[in-house]
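K.L.:
Structure, please.
(2 chains)
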Amino acid sequence: MTASRRLPLLLVPATLFLFVVYVWPSLGLFRNAFNEVGPTGAMVEAWSLETWRATLHDSFTIELTLNSLWLSSMATLIALCMAYPVSLFLFRTDSRFRGLLAVVAIMPMLVSGVVRVFGWLAILGDRGLVNTTLQSLGLITAPLRLVFNWTGVTIGLAESIMPYMILALLAGFGRLDRTLEEAARSLGASPWRTFWRVTLPLSLPAIALAAGLGFVLSMSAYITPKLLGGGRVFVLATEIFEQATTNTNWPVASVLAIYTLLLLLALLALSNLLARRLQR
Amino acid sequence: MSYLELSGLQKRYGNSVAVDDVSLAVEQGESVALLGPSGCGKTTTLRMLAGLIEPNRGTMTLDGSEITQLPAHKRNMGYVFQSYALFPHLSVARNIAFGLEERGVGRAEIAKRVEEALALVRLAGMEQRRPKELSGGQQQRVALARALVIQPSVLLLDESLSNLDAKLRDAMRHEIRSIQRSLGITTLLVTHDQVEALTMCDRIAVMHRGRIAQIGSAEDIYERPATRFVAEFVGRANVLPIQRDAQGRAAVWGQAVPVEAAANADLFVRPQRMRIVPASEPTGDGMARLTGRVLRSVFVGDHVEVLVEGAGGQLTVEMPSGMAAPTEGGEVAVVWPRAESRVFAREAP
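P.N.:
Numbering: from 1, shown residues only, chains lettered A, B, ... in the order given. You can find the predicted model right below:
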């Protein structure tokens, strides 16, 4: 056997590992989605679409879906508005601190989600940094409700997806050639017009890529909505967890998990299509 | 006062000086080349003129008014970039229309002028193509049309032909030159290619280490190089170290030559100005002469290069290819008019 034909052998350990910890449970998940829940609440082996029918007809599922989509859209939008200028700066700067700045920008990735959430609690809580500062400045009398609601979750999510979006933007900026901006300037476009007519259109593929990634990460986020939502924020991810652990309702949890997966795949396909359109 | 004047321009990057002190006056309708090796500051000068970078010192005036502080988009300079810098997301027509749109020109007028510009660069019918669907030469023409359509005060060409293959480059040279002439547009061209500078420009400024070493017509630069650098960079030259013989006269290869004897200097003679004659032939009036042995002759198409070796060095003589090449190993005399001798001091290391 030649070396090149033996090459695929290198994939064997990872494949075996993933099969055991990922493929096998996924198949189990798939199987559970077609089981039923008996009158006692215990799972009954079956091949039925009853759980699907019940779950998809439940108005709560619709609400969860809309919540998830809205939350992810807002978090992605906010994160994009902050990540785009940062990425453009990092892409463009010839500062010798560029490497350091890039590390700082993606530093949140290196911190555990739970730790980050507690950080936000310390900042956004009733007696947190923001409220005490605003109160001591006399700008507000009662503390603003910034955590344990949608506001807190949106802020926390936006922050947690930002590093990933910065990396995605930097990767996607490939076509952004400085000379093109210089050409626009020499042709009479002001810096603002140059951004609008050249920089932004050429970075649309990168934006689509980053937004897609941020959105998927937001949809699947569990810790942030759970902890910063304080039990008042319900999204698909938190509900799946509730059903699987608190209610031990495996069929419903499985159906919701597959439903979320299909939703994400559809959205990814859409964003891919969009990105390819923009690339041309 | 000239139409375009650069005076005392300087650009530093940290400790390194890209452009040291450049002053240049260009008349309206004139075409001037900034010629020099990479890193001599020619592109930096052009970019300062376009307002793409700010000079540390110096001023620029255009048609009597100072433009040093004017932002790039208000300078009305037509810049053709080395990479063409066509907007990949816009069609050819929209690329050319870009500058007109930014000037608030009406739709009908834009359509008319885009069409004229495309006709000028012989690309009619390509309006709806995307830049990547065009060949290098076509992209080059679109870039030129885009820069010309705004009726710029000055056309700036930044190594604009260096990405084309040799044949196309030749054709484009003449094409751009004739467009430049017929429109009477003031042009500044940056190039490292002397043929480009010689064929496309009225005057040439040879740049070296951030300064203009010499400015003049192609003939001035070639026949009367002002510095050693110019003599070496433009055209070819035989560089022969000058010693002194026993009588204190200047000598090359131990043979007296009719030039001023200077310490640490070299004699420069163009290979085409030298002729090979039989060693027995006496030196003519006003001629200089060296004798040596023919090492080899190489046929290079339009001429023959003859390498002659003497005591202490070699030199090259270019002969028209019709003439009989001297036999290798034979003793010959190399002669040239005295007026063709130039002496330049050796640069301090």
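
K.L.:
If I look at B:Gly313, what pLDDT would I see?
P.N.:
pLDDT recorded at B:Gly313 is 85.

K.L.:
Relative to B:Leu240, how far out is the residue lying closest to B:Gln243 once chain neighbours are set aside?
P.N.:
Spatially, and ignoring its direct neighbours in sequence, B:Gln243 is nearest to B:Ala251 (5.3 Å; C-beta to C-beta, 6 or more residues apart in numbering or on different chains). C-beta coordinates here come from the backbone N, C-alpha and C atoms, glycine included. From B:Ala251 across to B:Leu240, the span is 10 Å (C-beta to C-beta, to the nearest Å).

K.L.:
One more: A:Ala54?
P.N.:
A:Ala54 is 100 Å from B:Leu240, by C-beta to C-beta.

K.L.:
Which one's more surrounded, the two?
P.N.:
B:Leu240 (22 against 15; other C-beta atoms under 10 Å in any protein chain shown).

K.L.:
The more buried one contacts B:Asp266, correct?
P.N.:
Yes. Using C-beta atoms under 8 Å, B:Leu240 is in contact with B:Asp266, at 6.3 Å.

K.L.:
Which residue, other than its chain neighbours, is closest to A:Thr260?
P.N.:
Nearest one to A:Thr260, counting by C-beta to C-beta, 6+ apart, is A:Leu236 at 4.8 Å.

K.L.:
same thing with A:Met219?
P.N.:
A:Ser72 (4.9 Å).

K.L.:
list the helices and strands the helix or strand hosting that neighbour packs on?
P.N.:
Under the criterion of DSSP states H and E, A:Ser72 resides in helix A:59-92. Judged by 3 or more C-beta pairs under 8 Å, 6 or more residues apart in numbering or on different chains; DSSP states H and E, helix A:59-92 is in contact with helix A:98-106, helix A:150-172, helix A:200-220, helix A:236-245, helix A:250-279.

K.L.:
what's the closest of those helices to B:Thr187?
P.N.:
Between B:Thr187 and the helices and strands packed on helix A:59-92, the shortest separation by C-beta to C-beta is 29.6 Å, and it involves helix A:200-220.

K.L.:
Could you list the buried residues of the closest one?
P.N.:
For helix A:200-220, a neighbour-count test (16 or more other C-beta atoms under 10 Å in any protein chain shown) marks A:202-220 as buried.

K.L.:
now stretch B:60-67
P.N.:
So for stretch B:60-67, counting by 16+ other C-beta under 10 Å, buried means B:Met60, B:Thr61, B:Leu62, B:Ile67.

K.L.:
what's the answer for stretch B:208-219, then?
P.N.:
B:His208, B:Gly210, B:Arg211, B:Ile212, B:Ala213, B:Gln214, B:Ile215, B:Gly216, B:Ala218.

K.L.:
again with stretch B:12-23
P.N.:
By neighbour count on 16+ other C-beta under 10 Å, the buried set for stretch B:12-23 is B:Val17, B:Ala18, B:Val19, B:Asp20, B:Val22.

K.L.:
Redo those as JSON lines? Include pLDDT and secondary structure.
P.N.:
Output for the buried residues of stretch B:12-23, formatted as JSON lines (pLDDT from 0 to 100; DSSP: H, G, I helix; E, B strand; the rest coil):
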{"residue": "B:Val17", "pLDDT": "92", "secondary structure": "strand"}
{"residue": "B:Ala18", "pLDDT": "94", "secondary structure": "strand"}
{"residue": "B:Val19", "pLDDT": "95", "secondary structure": "strand"}
{"residue": "B:Asp20", "pLDDT": "94", "secondary structure": "strand"}
{"residue": "B:Val22", "pLDDT": "95", "secondary structure": "strand"}
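
K.L.:
need the residues you listed in TSV with distance to B:Gln139, can you?
P.N.:
Compiled in TSV, the buried residues of stretch B:12-23 are given as follows (distance: C-beta to C-beta, whole Å):
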residue	distance to B:Gln139
B:Val17	34
B:Ala18	28
B:Val19	29
B:Asp20	34
B:Val22	30
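
K.L.:
can you name the two of those that are farthest apart?
P.N.:
Pairwise over the buried residues of stretch B:12-23, using C-beta to C-beta, the maximum falls at B:Val17 and B:Val22, 11.1 Å.

K.L.:
Can you pull the residues that touch both of those two?
P.N.:
Residues touching both B:Val17 and B:Val22 (C-beta atoms under 8 Å, 6 or more residues apart in numbering or on different chains) are B:Gln10, B:Gly210.

K.L.:
what number of residues lie near the residue nearest to B:Met48 when sequence neighbours are not counted?
P.N.:
Closest residue to B:Met48 apart from its sequence neighbours, by C-beta to C-beta, 6+ apart: B:Pro55 at 4.9 Å. Applying other C-beta under 10 Å, we find 21 residues neighbouring B:Pro55.

K.L.:
what about B:Pro55, distance to B:Gly41?
P.N.:
Computed as C-beta to C-beta, the B:Pro55 to B:Gly41 distance reads 11 Å.

K.L.:
So for these two, which residues contact both of them?
P.N.:
Contacts common to B:Pro55 and B:Gly41, judged by C-beta under 8 Å, 6+ apart, are B:Lys11, B:Val19.

K.L.:
In contact with residue 55, which residues?
P.N.:
No chain specified, so I'll use chain A. Residues in contact with A:Thr55 (C-beta under 8 Å, 6+ apart) are A:Thr61, A:Val252, A:Val255, A:Leu256, A:Tyr259.

K.L.:
wrong one, I was asking about chain B
P.N.:
For B:Pro55, counting by C-beta under 8 Å, 6+ apart, the contacting residues are B:Leu9, B:Gln10, B:Lys11, B:Val19, B:Met48, B:Thr68.

K.L.:
Just among the residues you listed, which is most surrounded?
P.N.:
Going by other C-beta under 10 Å, B:Val19 tops the contacts of B:Pro55 with 27 neighbours.

K.L.:
mind exporting the longest helix along chain B as CSV, just the C-alpha atoms?
P.N.:
Secondary structure assigned by DSSP state H gives helix B:166-183 as the longest helix of chain B. Listed next in CSV are the C-alpha coordinates belonging to helix B:166-183 (Å, rounded to 0.1, in the frame of the first residue of the first chain):
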residue,chain,number,x,y,z
ALA,B,166,5.6,42.5,-23.7
LYS,B,167,3.7,42.7,-27.0
LEU,B,168,0.6,44.2,-25.5
ARG,B,169,2.7,46.6,-23.4
ASP,B,170,4.2,47.9,-26.6
ALA,B,171,0.8,48.4,-28.3
MET,B,172,-0.6,50.1,-25.2
ARG,B,173,2.4,52.4,-24.9
HIS,B,174,1.7,53.9,-28.3
GLU,B,175,-2.0,53.9,-27.7
ILE,B,176,-1.8,55.8,-24.4
ARG,B,177,0.7,58.2,-25.9
SER,B,178,-1.5,59.1,-28.8
ILE,B,179,-4.6,59.5,-26.5
GLN,B,180,-2.5,61.6,-24.2
ARG,B,181,-1.4,63.8,-27.1
SER,B,182,-4.8,64.1,-28.8
LEU,B,183,-6.5,65.1,-25.5
